[in-house]
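Asker: Sequence and predicted model, in that order:
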Amino acid sequence: MTGADGDVADGEVAAQPNGQPTGPAGEQPQERPAARAPAPETAAETPRDRARLAFASFLMLFVELALIRWVTANNVYVTKATNFVLLASFLGIGIGFLNARTKRDYLRWTPVALLLLVSFVLAFPVILQTLNGPHPFQGLHGTPALPQPVSLGVVFLLVTGVMAGLGQGTARMFVRFRPLRAYRLDILGSLAGIAAFTGLSFLNQPPGTWGVIACAGLLVLLAPRIRWWQILAVASVATLLLIESFLPAQEWSPYNKLVYNQTHGATGALYVSANNIPYQAARSLALMHKQKAFYFYPYRHVTKASLGNVLIIGSGTGNDAAVALSEGARHVDTVEIDPLLVRLGNMHPNHPYSNPRLTAHIDDGRAFLQDTSQHYNLILFALPDSLTALAGQSGIRLESYLLTLQSLQAVRAHLAPGGTFAMYNYYAPFLESRYASTIEDAFGRTPCTEVGPPLGGRRLAVLTVHPAAPVPNCTSFFHGRTIAAATDDHPFPYLPGNDIPKQYLWMIAAIFAASLLLVRIGGGSFSRMRNYVDLAFMGAAFLLLETKNIVQFALFFGSTWFVNSLVFGAVLLTVWLAIETASRVKLPPPIVLYIALLASLVLTWVVPQESLLGLPSVLRFLAAGSLAFAPIYLANLIFSQRFKDVATSTDAFAANLLGAIVGGALEYLALITGYRFLLIVTGILYAMAFIVGRSRLSVGRKAAA
């Protein structure tokens, strides 16, 4: 990536006997090399070396993705700390690249760091046990969970340590190549890492499989100098993850670690937790009538004769579907994003998913609404509350685009004449007001509000609206305060206001402080990167650009793991195409490329995303892809052109990665401004990269004169 995965094009850098690159005409480049003489970066490039670099990059990205998934599944604190593991990974890789030629050997100790991380996360998990009381979080066997700063701090340090070793292992191979050739191999290895993890997700593979691949790969990277204690450490890691993977009544979907427990008797139910959070309970119809009567509330306002076609979004393990079928629905379409939840739904006491009147769709709810041509007599948003972030790359939860004003407008468009919409959940007070206000804006009607018992500061509420007329048989219409709706540009319904919560600010400050300290201690002097400040700006800008594209494609095509993987892969493929272009074509001057990049950002800003949502799927993909990947391509042409002439590729790459940490922190601005504004921040960062780069060249020319 332009910042998070770098290398450079072939054939642009010639090397003098001392290993110092020269410019196009044999001139010295306009940057001073590091104080210590770097090792030659153009040693013989053997097929074995190329394979080892590509493999090291594959392993580095594979482990990063695995840690993001696995740590989040076992520690609820990390679920709420957006980008936490990702930023620790960038920091570690950056430190590793700064130590490409030093005597420090982080790679040697990576098996121990990985064992410490796995042991700590398994020994001190964070489990949301209850929404009531002052101590909702627990550890193993009901013990109190570690304080959040301690838990997050240890995880951050250990993830950084693991990735520093893998980064150093990659960097040691990186310096054997011309920069752009190294970048190409790095990207190809990263593409393989994305493909491998996507394949494992498709197969619902648990952490044991990830761990075996990562541990075997680590031994390959350590070869031929493998010590007995390294073998013992990786064997212990693989064993711990395999044991976790084969725990009874536990399965891993592409989104969640699902733990289930089925009880029997008069109050028997199937209880499911996701990523250590109590999630769902599948109950019989008789038990729901007694304990969870709210499932039946929407049917007070419709007649059985009207229930020709019902849509349930967020059908989970099947309670809502069982109720709809029992109330006389002649056909039910269910939409659930997690395929394993539907499979667990086969254990539901009433077996709704086996009913011939039901069609189950594994899809994102918003994407289904955008792509279906069906109209429904009743549409239900059934307890959508995933508590899951998008692959560590953004702060939105999977159902956030389902709960925006534009989503409810799409719902209205899919209601048949006389149709009804209802949504229900346990809402914080401000959320109930927000969703009721959103319904008023989307439907032009005040919703019927039926409330149930409180739960941990939340209150059960069923909001029902009938666009054609007031809701029949309603005894209580909403009369609370009006709160602005969440929108597709600001899809954060769970934030009371447009601001950054204080805990996020403290976390960002702590990450910055830790990063500065760890880079100074583990990476050496910051002065080694002083010639690459422009690359740091590029790293920050690129991460924001990547984030914007990920969340935009989640809106256009769904927040599914498959769409996410395709976007990551497409980003890396675009980077690779830019590298190949830079390797084979004489590029125009940087100012021309920067102007083209800023023009593409302006075009992306000008074209409203809602205009793309109305397009057919194929046209939507082509239009969205063009707008999204043109800036990425141009940004990587700029990066490749700059990177090919660096004196020390690993220091330059480290600066780029550490800049990406700043970009990860700036992503939180979206909580205030919305995602569209990130395009302006991205443009400013690239403008700063251009200014700093021009200043560097000017200083270099004066020094040469």
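Answerer: The structure has been received and is ready for your questions.
Asker: Against which helices or strands is the longest strand belonging to the chain packed?
Answerer: For the chain, the longest strand by residue count, based on DSSP state E, is strand 415-427. Of the remaining helices and strands, those touching strand 415-427 by 3 or more Cβ pairs under 8 Å, 6 or more residues apart in numbering; DSSP states H and E are strand 376-382, helix 405-413, helix 429-443, strand 458-465. Where C-beta positions appear, they are placed from N, C-alpha and C, glycine not excepted.
Asker: what do you get if the cut-off is 10 Å, keeping everything else the same?
Answerer: strand 310-313, strand 376-382, helix 405-413, helix 429-443, strand 448-455, strand 458-465 (3 or more Cβ pairs under 10 Å, 6 or more residues apart in numbering; DSSP states H and E).
Asker: Which residue is the nearest non-sequential neighbour of Ser284?
Answerer: Nearest residue to Ser284, sequence neighbours excluded (Cβ to Cβ, 6 or more residues apart in numbering): Pro349, at 3.9 Å.
Asker: quick one: low-confidence parts of this protein?
Answerer: Applying pLDDT under 70 to the chain picks out residues 1-44, 82, 131-134, 385-399, 456, 697-705.
Asker: now the strands for the stretch 1-150 of the chain?
Answerer: For the stretch 1-150 of the chain, the strands defined by DSSP state E, counting those that start in this stretch occupy 14-15, 21-22, 127-128, 137-138.
Asker: Off-centre distance for the longest strand of the chain?
Answerer: Centroid displacement of strand 415-427 relative to its chain, using Cα atoms, centre = their mean, to the nearest Å, is 30 Å.
Asker: Can I get it as PDB, trimmed to CA atoms?
Answerer: Extracted C-alpha coordinates of strand 415-427, given in PDB (Å, rounded to 0.1, in the frame of the first residue of the first chain):
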ATOM      1  CA  LEU A 415     -43.200  -1.600   1.500                       C
ATOM      2  CA  ALA A 416     -46.200  -2.800  -0.400                       C
ATOM      3  CA  PRO A 417     -49.300  -0.500  -0.400                       C
ATOM      4  CA  GLY A 418     -50.600  -0.600   3.200                       C
ATOM      5  CA  GLY A 419     -47.400  -2.100   4.500                       C
ATOM      6  CA  THR A 420     -46.000  -1.700   8.000                       C
ATOM      7  CA  PHE A 421     -42.400  -1.300   9.400                       C
ATOM      8  CA  ALA A 422     -41.300  -2.100  12.900                       C
ATOM      9  CA  MET A 423     -38.000  -2.200  14.700                       C
ATOM     10  CA  TYR A 424     -37.300  -3.300  18.300                       C
ATOM     11  CA  ASN A 425     -34.400  -3.700  20.700                       C
ATOM     12  CA  TYR A 426     -33.200  -2.700  24.200                       C
ATOM     13  CA  TYR A 427     -32.400   0.900  23.600                       C
END
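Asker: Going by neighbour count, which residues in it are buried?
Answerer: 415, 419-427 (16 or more other Cβ atoms under 10 Å).
Asker: for those residues, which one is nearest Trp210?
Answerer: Among these, Asn425 lies closest to Trp210 (Cβ to Cβ), at 32.8 Å.
Asker: tell me the contacts of that closest one?
Answerer: 294, 314, 381-385, 403, 431-432, 435, 458-463 (Cβ atoms under 10 Å, 6 or more residues apart in numbering).
Asker: Then Asp105?
Answerer: Applying Cβ under 10 Å, 6+ apart, the residues near Asp105 are 99, 165, 168-169, 172.
Asker: Just those residues: which are in helices?
Answerer: By the criterion of DSSP state H, membership of these in helices covers 165, 168-169, 172.
Asker: Buried subset of these as a PyMOL selection?
Answerer: Burial among the ones in helices among the contacts of Asp105 is assessed by 16+ other Cβ under 10 Å; the matching PyMOL selection reads:
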select buried, resi 165+168+169+172
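Asker: Pick out the most distant pair among the ones in helices among the contacts of Asp105.
Answerer: Gly165 and Arg172 (11.0 Å).
Asker: which neighbours do these two share?
Answerer: What both Gly165 and Arg172 touch, as defined by Cβ under 10 Å, 6+ apart, is the set 96, 99, 105, 107, 221.
Asker: so which of the residues you listed comes closest to Pro589?
Answerer: Nearest member of the shared contacts of Gly165 and Arg172 to Pro589, counting by Cβ to Cβ, is Gly96, at 33.5 Å.
Asker: before we move on, the earlier item: kindly indicate which of the ones in helices among the contacts of Asp105 lies nearest Gly268.
Answerer: Once Cβ to Cβ is applied, the member of the ones in helices among the contacts of Asp105 that ends up nearest Gly268 is Gly165, at 49.0 Å.
Asker: And the closest residue to that closest one other than its chain neighbours, how far from Leu222?
Answerer: Closest residue to Gly165 apart from its sequence neighbours, by Cβ to Cβ, 6+ apart: Thr110 at 3.0 Å. Remark: distance between Thr110 and Leu222 (Cβ to Cβ, to the nearest Å) = 8 Å.
Asker: Show me the helices in the stretch 201-350 of the chain, by range?
Answerer: Using DSSP state H, counting those that start in this stretch, the helices assigned to the stretch 201-350 of the chain run over residues 207-222, 228-245, 285-291, 319-326, 339-344.
Asker: Helix 228-245 and the first one, what's the angle between them?
Answerer: Here helix 207-222 runs at an angle of 160 degrees relative to helix 228-245 (axes from the mean of the first three to the mean of the last three Cα atoms, to 10 degrees).
Asker: and Arg481, what helix or strand is that in?
Answerer: Per DSSP states H and E: Arg481 is located in neither a helix nor a strand.
Asker: neighbours around it, how many?
Answerer: Look at Arg481: counted by other Cβ atoms under 10 Å, it has 10 neighbours.
Asker: what sits against it?
Answerer: Counted by Cβ under 10 Å, 6+ apart, Arg481 has contacts 429-430, 433-434, 436-437.
Asker: try Leu415
Answerer: Contacts for Leu415 (Cβ under 10 Å, 6+ apart) come out as 311, 375-379, 421, 443, 465-468.
Asker: Looking at those residues, which is nearest Ile684?
Answerer: Phe443 (39.5 Å).
Asker: surely Val78 meets Gly153?
Answerer: No - in this structure Val78 lies outside contact range of Gly153 using Cβ atoms under 10 Å: 11.8 Å.
Asker: more neighbours, the two?
Answerer: Val78 (25 against 14).
Asker: Could you find the closest non-adjacent residue to the more buried one?
Answerer: Thr72 (5.0 Å).
Asker: what's the distance between that neighbour and Gly659?
Answerer: 24 Å.
Asker: neighbour-wise, which of these two wins?
Answerer: Gly659 (29 against 24).
Asker: What's the first helix or strand after the helix or strand encompassing the more buried one?
Answerer: Secondary structure assignment for Gly659, by DSSP H and E: helix 649-666. The helix or strand immediately downstream of helix 649-666 is helix 670-673, counting by DSSP H and E.
Asker: Going by neighbour count, which residues in that next one are buried?
Answerer: Along helix 670-673, these residues count as buried under the neighbour rule (16+ other Cβ under 10 Å): 670-671.
Asker: what helices or strands is the following helix or strand past it leaning on?
Answerer: Sequence order places helix 678-704 as the next helix or strand after helix 670-673, per DSSP H and E. Where contact means 3+ Cβ pairs under 10 Å, 6+ apart, helix 678-704 is packed against helix 533-557, helix 590-606, helix 617-643, helix 649-666, helix 670-673.
Asker: which residues touch Lys75?
Answerer: Not Lys; residue 75 is Asn. Taking Cβ under 10 Å, 6+ apart, one finds 81, 84-85, 120-121, 124-127, 137, 145-146, 148, 151-152, 155, 275-276 in contact with Asn75.
Asker: now with 8 Å?
Answerer: 121, 125-126, 151, 155, 276 (Cβ atoms under 8 Å, 6 or more residues apart in numbering).
Asker: Are any of the residues you listed buried, and if so which?
Answerer: 121, 125-126, 151, 155, 276.
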